[in-house]
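Chemist: fold the following.
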Amino acid sequence: MMKHFLSKCQLGNNKIEGSITETSFQKIDNSSLSREPETTLTIITLGFSGVGKTSLIQNFMNGELAGLQLATIGIEYSSSKFRLSDGSIINCCIVDTNGTERYRALNENYFRQADGCIIIYDITNEQSFEEIKEYYIPKIKDKCKENITTILLGNKKDKENERKISIEQGNKLALENNFIFKETCCSERINVSEAFQTIIEVTNLDKKNREIDNDTIKINKNNHKRIKKDKKSNCC
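Modeler: Residues are numbered from 1 along each chain as shown. Sure, this is the predicted structure:
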């Protein structure tokens, strides 16, 4: 499902060709809501402690610039309604997780509920990148829905002088796992909106495709049962 969308992207810079624009994607409040949301998307953010998960979420959801953030205690939620590029109105719940080991068991309870996934590392922190390869990717494959829509974000792009993880390394990891990839920075608002818009749009598309596939399976099963029943009724 996601492969169809990724064919329109340049991984690394991820320039989207005509699929998502600033004008087509819009956050809406209840006063301007013309109809009820068609669905609710749950997107979970994952990553080592201190990579900037909370800052990215608050920057996108509330327009807040990065500042001193206290560590997330357990699980926190942010929810807003959006009008997407295809005209859909959806409610999006973003789950902010704590990246320390003591909360990992708690975080895993939310993996299966997620429709989409954002994995974040700090480009100046090699351990945060290794954690993704050694812990988060295996857990996503084991606990999340099959082929869950996922975006990999290399955060703190403004700290080029302290960079430890190259763009090529991030891009390679994304390609190997069929993830979307971007590098971001809250303080300079680099790719933050674009990253969240992309994951929300693609997650919504994939969820629709999953529902169509499930409906098709149900129809085929019902047809199969009916055919077997007809054969029995026609039997002498």
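Chemist: at which residues are the helices of this protein located?
Modeler: Applying DSSP state H to the chain gives helices spanning 2-6, 53-62, 104-108, 126-131, 137-143, 167-176, 192-233.
Chemist: quick one: terminal-to-terminal distance for stretch 32-40?
Modeler: 18 Å (CA to CA, to the nearest Å).
Chemist: centre of the chain versus it, how much separation?
Modeler: Computed by CA atoms, centre = their mean, to the nearest Å, the chain-centroid distance of stretch 32-40 equals 20 Å.
Chemist: residues of that stretch that come out buried?
Modeler: For stretch 32-40, a neighbour-count test (16 or more other CB atoms under 10 Å) marks Pro37 as buried. In this view, the C-beta of every residue, glycine as well, is placed from N, C-alpha and C.
Chemist: looking at it now, give me its mean pLDDT.
Modeler: Mean pLDDT, taken over the full extent of stretch 32-40, equals 84.
Chemist: residues contacting that stretch, please?
Modeler: For stretch 32-40, the external contacting residues (CB atoms under 8 Å, 6 or more residues apart in numbering) are Lys81, Ser88, Ile89, Ile90, Asn91, Cys92, Cys93, Asn204, Lys207.
Chemist: closest to Glu176 among those?
Modeler: Lys207 (24.1 Å; CB to CB).
Chemist: quick check: Phe179 vs Glu188, distance?
Modeler: To Glu188, Phe179 is 23 Å away according to CB to CB, to the nearest Å.
Chemist: neighbour-wise, which of those two wins?
Modeler: Neighbours were counted for Phe179 and for Glu188 using other CB atoms under 10 Å; Phe179 has more, 24 against 12.
Chemist: hang on, that one packs against Leu173?
Modeler: Yes. Assessed by CB atoms under 8 Å, Phe179 is found in contact with Leu173 at 7.5 Å.
Chemist: quickly list what's touching both of the two.
Modeler: By CB under 8 Å, 6+ apart, the residues touching both Phe179 and Leu173 are Leu152.
Chemist: weakest of the helices of the chain by average pLDDT?
Modeler: Note on the helices of the chain: helix 2-6 shows the lowest mean pLDDT, a mean of 45.
Chemist: span of stretch 81-97 from start to end?
Modeler: End-to-end distance for stretch 81-97: 21 Å, by CA to CA.
Chemist: may I see the buried residues of stretch 174-188?
Modeler: Neighbour-count burial for stretch 174-188 [16+ other CB under 10 Å]: Ala174, Asn177, Phe179, Ile180, Phe181, Lys182, Glu183, Thr184, Cys185, Cys186.
Chemist: equivalent analysis for stretch 43-54, please.
Modeler: Ile43, Ile44, Thr45, Leu46, Gly47, Phe48, Val51, Gly52, Lys53, Thr54.
Chemist: show me which pair in these is furthest apart.
Modeler: Maximum distance among the buried residues of stretch 43-54 (CB to CB): 18.4 Å, for Ile43 and Phe48.
Chemist: hang on, the earlier thing: point out the ones among the contacts of stretch 32-40 that are inside strands.
Modeler: Of the contacts of stretch 32-40, the ones assigned to strands by DSSP state E are Lys81, Ile89, Ile90, Asn91, Cys92, Cys93.
Chemist: what about the residue nearest to Glu188 when sequence neighbours are not counted, distance to Gly63?
Modeler: Spatial nearest neighbour of Glu188, excluding adjacent residues (CB to CB, 6 or more residues apart in numbering): Asp158 at 5.3 Å. Computed with CB to CB, the distance linking Asp158 and Gly63 is 18 Å.
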